[in-house]
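predicted model follows, preceded by the sequence.
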Amino acid sequence: MKILSLQSVGLGAVFPSGEFLGINEPFIFKVGEKLKDGRGKELDITVTDITDGFISDLMARENYKEFYKVKTSDGHIRVLPKDKYIAEWGE
């Protein structure tokens, strides 16, 4: 099994929704789909792979013990803490 997507929990961008209310839209990373900026516009960067790991895999300055690695078509790797994202697993 592999990770198909990640969705943030308690993180995201807030968009106005009438009378000073806002809608919190979570950050979502899906393998094979383009990244979106904080305003919902697609970037020309595609998520190529999502894996999970432990601190022994990465010399991190932060105190994250478990994390997800999101690899993208621009050659970057984004490191996200596991306690802030929900993973969708599949074949």
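Done, it's in.

quick one, helices of the chain?
Using DSSP state H, the chain contains no helices.

from the contact counts, what lies against the longest strand that it contains?
Ranked by number of residues, the top strand in the chain under DSSP state E is strand 42-54. Judged by 3 or more C-beta pairs under 8 Å, 6 or more residues apart in numbering; DSSP states H and E, strand 42-54 is in contact with strand 2-8, strand 28-30, strand 34-36, strand 66-72. Quick note: C-beta positions are derived from backbone N, CA and C, even for glycine.

what about V47, how many residues nearby?
20 (other C-beta atoms under 10 Å).

what does D49 give?
The number of residues packed near D49 is 13, by other C-beta under 10 Å.

against K2, how distant is the closest residue to E33 other than its chain neighbours?
In space, and not counting its chain neighbours, E33 is closest to V47: 6.1 Å by C-beta to C-beta, 6 or more residues apart in numbering. Distance, V47 to K2, by C-beta to C-beta, to the nearest Å: 12 Å.

residue ranges with poor pLDDT in the chain?
In the predicted model of the chain, residues 11-24, 38-40, 54-64 satisfy pLDDT under 70.

go again with 50.
By pLDDT under 50, the low-scoring segments of the chain are 57.
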